[in-house]
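Asker: A structural model of the following input is requested.
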Amino acid sequence: MCVYNRPFDDQSQPRIMLETQIFIMMLLMISKGRFGMINSFALEYENSKNPNIENMLKISGLLGYSTDYISCDEGILNRSLEFEKCGLMGMDAVYIACAEKAKADFFVTCDDNLIKKLKRIDNIRIAFYNVIDFVSREVFKT
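Answerer: Next up is the predicted model:
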C-alpha cells in the first residue's frame, strides 16, 4: 500500500518524488500491458482504513488497473502466520502471502524495513524489490 500512497506523500523529499515518478511510470507500463498488477483483499482492506477519503478513492481507482484479484483463503492466512514467525508484521505478511498465491513475478514496495526482513527469509517464493531497484532490474534490464 505504501507504493499507492507515494503520490500523496511530501514531494519535497527527493526520494519520495523519485518513487512517485517511478510509480507513475509503472502505471503507464501496466496500462500498456507490459506488466500486470494484482489487487487483493488485503490492499482493499488497508485502503479502506485510509483516513483521507479523497486519497482512498483515488487509490481505489488505481487498484482498478489490476489484472488479477486475490481473495482471502485459509492458505493465505496460514502462509501469513509462517511469515509472521519470520519477523514480518501482520499486513506485510498477508501481502507477501497474496503475492505468492498469485504467483506474481515480483513484489514492489517503498518499505526499506520490509525489504530487509524479506532478505532474511529463506523460503520466500517471490522476487521483491524497492521501486528504484525494480526499475533498474526489471524495466531497464538488458
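Asker: and the longest helix anywhere in the chain, what does it pack onto?
Answerer: Scanning the chain for the longest helix, with DSSP state H as the assignment, gives helix 14-31. Other helices and strands packing on helix 14-31, by 3 or more C-beta pairs under 8 Å, 6 or more residues apart in numbering; DSSP states H and E, are helix 2-5, helix 131-134. Every C-beta, even on glycine, is put in place using the N, C-alpha and C of the backbone.
Asker: Please repeat the previous calculation with a cut-off of 6 Å.
Answerer: The elements that helix 14-31 packs onto, with contact taken as 3 or more C-beta pairs under 6 Å, 6 or more residues apart in numbering; DSSP states H and E, do not include any helix or strand.
Asker: Show me what counts as buried in it.
Answerer: Judged by neighbour count (16 or more other C-beta atoms under 10 Å), helix 14-31 contains these buried residues: Ile16, Glu19, Thr20, Ile22, Phe23, Met26, Leu27, Ile30.
Asker: Would you mind confirming that the third one is in contact with Asn5?
Answerer: No: look at Thr20 against Asn5 with C-beta atoms under 6 Å: they stay out of range, at 9.8 Å.
Asker: Going by distance to Asp68, which of the buried residues of helix 14-31 wins?
Answerer: Within the buried residues of helix 14-31, distances to Asp68 taken as C-beta to C-beta reach their minimum at Ile30, with 11.6 Å.
Asker: My read is that the closest one contacts Ile24, right?
Answerer: No: shown here, Ile30 and Ile24 do not form a contact pair, counting by C-beta under 6 Å, at 10.7 Å.
Asker: Now the common contact residues for those two.
Answerer: Overlap between the contact sets of Ile30 and Ile24, as judged by C-beta atoms under 6 Å, 6 or more residues apart in numbering, is nil.
Asker: in this protein, which spans are strands?
Answerer: All strands of the chain, identified by DSSP state E, fall at 38-40, 68-70, 106-109, 127-130.
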